[in-house]
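**Student:** Sequence first, then the predicted structure, then my questions.
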Amino acid sequence: MGLKNVRTSLPIISKELEKTNSSREFLIKNNRAVVINCSQAIISIHKKDLVTAKNKIKKAKEQLLKLKQKATGDLDRYVLTPEQELVEAVSLLSIIEGKDIPSYKSLKVSGESYILGLLDCIGELKRQVIDTIRVGNLKKAESLFDMMENLYLMLYPFATYDKIVKETRRKLDVNRSLVEDTRTILTEEIRRQKLIETINKTKK
């Protein structure tokens, strides 16, 4: 009976924990950079500055890759938010450019991050619809709304996995309101445009 094995084990465990803690601090410090670049990319998209948006997304992808190299084992939870933000930014850019939204495998993110990022993208699409209506491009606004609604309907079944993918049900509830609000705004604008056309015809 003795402590020989404990004496040899504890220093090894201490080094392992020190390494894990160092990785954790790196992840916490640097995941903000990914989030910031993605947020700036989304702002640039709304400003129709797609060149800046693409550069910000490129930087975010490079930063996220470095994070994932450190995010081993239980530390992978620290990259969920950066991954989610990246999915949101990339999805919005793809839609605006008329391209397919990339798969989660091509983006190299988790399924959880992919779902949550797509859910966040729906809110950004509402702004796009309203901005498009404001400049008088009703046809494009309808197309963006269709994408917004279809994305919501495709994601709705994932409410079942709310205990696994946290925030899913809450985000879906929020998005249901966003979709309905946007539908109302778009419908009113369509009616307004038809009324104007009718008035113009009677004047002739």
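**Tutor:** Thanks, I have it.

**Student:** Contacts for the one helix or strand Q63 maps to, please.
**Tutor:** Under the assignment given by DSSP states H and E, the secondary-structure element containing Q63 is helix 50-70. Outside helix 50-70, the residues within contact range by Cβ atoms under 8 Å, 6 or more residues apart in numbering are 23, 26-27, 30-31, 33-34, 37-38, 40-42, 44-45, 78-79, 82-83, 85-86, 89-90, 93, 96-97, 108. In this view, the C-beta of every residue, glycine as well, is placed from N, C-alpha and C.

**Student:** In ChimeraX, how would I select the buried members of the residues you listed?
**Tutor:** The following ChimeraX line selects those of these that are buried, judged by 16 or more other Cβ atoms under 10 Å:
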select :23,26,27,30,31,33,34,37,38,40,41,42,44,45,78,79,82,83,85,86,89,90,93,96
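
**Student:** Among the contacts of helix 50-70, which are located in helices?
**Tutor:** Cross-referencing the contacts of helix 50-70 with the helices (criterion: DSSP state H) gives 23, 26-27, 30-31, 33-34, 37-38, 40-42, 44-45, 82-83, 85-86, 89-90, 93, 96 as the overlap.

**Student:** any idea which residue sits dead centre in this protein?
**Tutor:** E88 (2.1 Å; Cα atoms, centre = their mean).

**Student:** what residues are up against that one?
**Tutor:** Contacts were defined as Cβ under 8 Å, 6+ apart; by that measure E88 touches C38, I42, G117, L118, D120, C121, E124.

**Student:** Let's see that with 6 Å instead.
**Tutor:** Residues touching E88, when contacts are defined by Cβ atoms under 6 Å, 6 or more residues apart in numbering, comprise G117, D120, C121.

**Student:** For G123, give its distance to D181.
**Tutor:** When Cβ to Cβ, to the nearest Å is applied, the distance between G123 and D181 equals 11 Å.

**Student:** again but with N137, I slipped
**Tutor:** Counting by Cβ to Cβ, the separation of N137 from D181 is 19 Å.

**Student:** Same check on E142?
**Tutor:** Shown here: E142 relative to D181, a distance of 16 Å by Cβ to Cβ.

**Student:** repeat for E83
**Tutor:** Look at E83 and D181: by Cβ to Cβ, they are 28 Å apart.

**Student:** Same question for G73.
**Tutor:** Look at G73 and D181: by Cβ to Cβ, they are 42 Å apart.

**Student:** Of those two, give the one with the bigger neighbour count.
**Tutor:** For G73 against D181, the residue with the higher neighbour count under other Cβ atoms under 10 Å is D181, and the figures read 13 against 8.
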